[in-house]
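A structural model of the following input is requested.
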Amino acid sequence: MSCEHLICANCSGPVVEGRCPACREARARVHHHPSGVTPQVLIAVALILLMGLLVATHVVP
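Next comes the predicted model:
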């Protein structure tokens, strides 16, 4: 979702311009990028661990 087409109910300006505090807060909420681990990274780590476990169980000493 983007804020290019959103109009602020407070100042009637485009939200993307951030004219008022309400615009800036809405723009920040729409473009919020969570800090930390993304779901893609968690899936990749889980797959790597699973592959390592499979390799470890199929190695014959």
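
going forward, measure contacts between C-alpha atoms and count neighbours the same way
Noted.

In terms of pLDDT, where does residue 20 sit?
On the pLDDT scale, residue 20 is placed at 92.

wait, what's in contact with it?
Counting by C-alpha atoms under 8 Å, 6 or more residues apart in numbering, residue 20 makes contact with 10-11.

how far away is residue 43 from residue 52?
14 Å (C-alpha to C-alpha, to the nearest Å).

Look at residue 28 and report its pLDDT.
For residue 28, the pLDDT comes out at 83.

A helix includes it, no?
Yes - counting by DSSP: H, G, I helix; E, B strand; the rest coil, residue 28 is part of a helix.

For it, which residues are in contact?
Going by C-alpha under 8 Å, 6+ apart, residue 28 touches no other residue.

at 10 Å instead, please
With contact set as C-alpha atoms under 10 Å, 6 or more residues apart in numbering, residue 28 has these partners: 3, 15-16, 18, 22.

which among the residues you listed gets closest to residue 57?
Proximity of the contacts of residue 28 to residue 57 (C-alpha to C-alpha) peaks at residue 3, which lies at 50.5 Å.

Need the per-residue pLDDT for the closest one.
So residue 3 comes in at 68 (pLDDT).
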